[in-house]
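In: need coordinates for the following:
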Amino acid sequence: MSPIKIYTDGACSGNPGPGGYGVILTHKNYRKELSQGFLKTTNNRMELLAVIAGLEALKKNYLDVLIVTDSQYVVDAVTKGWLFKWEIKNFKDKKNGDLWKRFLEIFRKQNVKFQWIRGHAGHIENERCDQLAVKACRGKNLLDDYGFTGFF
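Out: All right, here's what the predicted structure looks like:
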């Protein structure tokens, strides 16, 4: 069976600043686009949140999933094993611990592989994710990124 493909991108106007993510899920003839914008966040948070949103959109567990992203931050953290070392130390002195914990919870429910692609290099799905992320970043109904701003 072919994997579900999740294409992701994050955007931020300023870093920190208003941000957004864009996600495309595809499988056979199925396609779904997701996006959301935030008042104040960072680019890395949006890159990671895009992956989380894609994985959380899956309705079943233990699926074969290919994440296609231009985020070396996300890909390297997982594939080079940094994330699992950070987890052992409970993300002490690491940024975005709230999102990494959320990621790990959903990541462990799927069979996930990553493919890094160069951003802004003409990859059709990546370009579309970028458009979705930028549009979300500039939207009107921006949410608070509580993990970044600390507003609890």
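
In: when you work out contacts or count neighbours from here on, use the C-alpha atoms and nothing else.
Out: Will do.

In: give me the below-cutoff pLDDT ranges for the chain.
Out: The chain contains residues with pLDDT under 70 at 150-152.

In: where does the closest residue to K94 other than its chain neighbours sit, in terms of helix or strand?
Out: Distances taken as CA to CA, 6 or more residues apart in numbering place W86 nearest to K94, at 7.4 Å, with adjacent residues excluded. Assigned by DSSP states H and E, W86 belongs to helix 82-88.

In: one more: N90?
Out: Under DSSP H and E, no helix or strand contains N90.

In: go on, V112?
Out: Counting by DSSP H and E, V112 is part of strand 111-116.

In: who does that strand pair up with?
Out: Strand pairing for strand 111-116, using DSSP bridges, gives strand 64-69 (parallel).

In: following the strand it pairs with, which helix or strand shows up next?
Out: Once the chain leaves strand 64-69, the next helix or strand it forms, by DSSP H and E, is helix 72-79.

In: for that following helix, what is the distance to the chain centroid?
Out: 11 Å (CA atoms, centre = their mean, to the nearest Å).
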